[in-house]
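*Asks:* next come a sequence and a model predicted from it.
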Amino acid sequence: MHQTTNRYWKCLENLPEHVQKISKKNFALPISKKMTDTFSPKNANTILYCKKWQETVDFYKHRLKLPITHDSDWFIEFKLTETAHISIADEQRASIKSSGGAGITLALQVENIADAWQDLCDSGLEIDPVREHPWGAYVFYFFDPEGHRIEVWSPKQEK
């Protein structure tokens, strides 16, 4: 038996019997079928752990004007779409530390790139100019106080 298969069966040993039966049945399905039947998130939430927590919270609240869906003294969740959220966690109260923005880009698609650019400029942000990308989109970038790069993009309209 293949090593990956052995690890899979070993993982099942600690699950209740009814879950093992379902999992073993799904294991025999083609990969594409397994992915759609076994892992189907309903929502997504990106959590950014921040040293500059209050400044970063204020940025998403006042500059980007995102609605708050959860508010505590160290963890704030903002709504991006019906199924996507972004949370800002105070690294001093969390078990995970800030990455200082390294290696993170938040890519946000908008309907109208020009309107989005103007709205964000009007909120006082310093933003790169809109550029055309070869992958068929218009895009601009800016950074939050913690150093996370934010990419705002919109697909090119077909003429």
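*Replies:* Perfect, thanks for sending it. Numbers count the residues shown, from 1 in each chain.

*Asks:* only C-alpha atoms from now on, for both contacts and neighbour counts.
*Replies:* Fine.

*Asks:* got the domain ranges for the protein?
*Replies:* The record's domain split for the chain, according to automatic domain parsing, is 3-38, 44-155.

*Asks:* comparing those by mean pLDDT, which bottoms out?
*Replies:* Across the domains of the chain, domain 3-38 has the smallest mean pLDDT, namely a mean of 57.

*Asks:* circling back: including mean neighbour count, could the domains of the chain go into a markdown table?
*Replies:* Converted to a markdown table, the domains of the chain look like this (neighbours: other C-alpha atoms under 10 Å):
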| stretch | mean neighbour count |
| --- | --- |
| domain 3-38 | 12 |
| domain 44-155 | 16 |
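
*Asks:* mind listing the helices for the chain?
*Replies:* Counting by DSSP state H, the chain forms helices over residues 3-12, 17-27, 31-38, 53-58, 113-122, given from the N-terminal end onward.

*Asks:* so who does the closest residue in space to E132 that isn't next to it in sequence touch?
*Replies:* Of all residues beyond its chain neighbours, the one nearest E132 is Y138 (4.5 Å), with distances taken as C-alpha to C-alpha, 6 or more residues apart in numbering. If you count contacts by C-alpha atoms under 8 Å, 6 or more residues apart in numbering, Y138 has them with 113, 130-132, 153-156.

*Asks:* what about 6 Å?
*Replies:* With C-alpha atoms under 6 Å, 6 or more residues apart in numbering as the criterion, the residues that contact Y138 are 131-132, 153-154.

*Asks:* please tell me how far it sits from F75.
*Replies:* Using C-alpha to C-alpha, to the nearest Å, one gets 33 Å for the distance from Y138 to F75.
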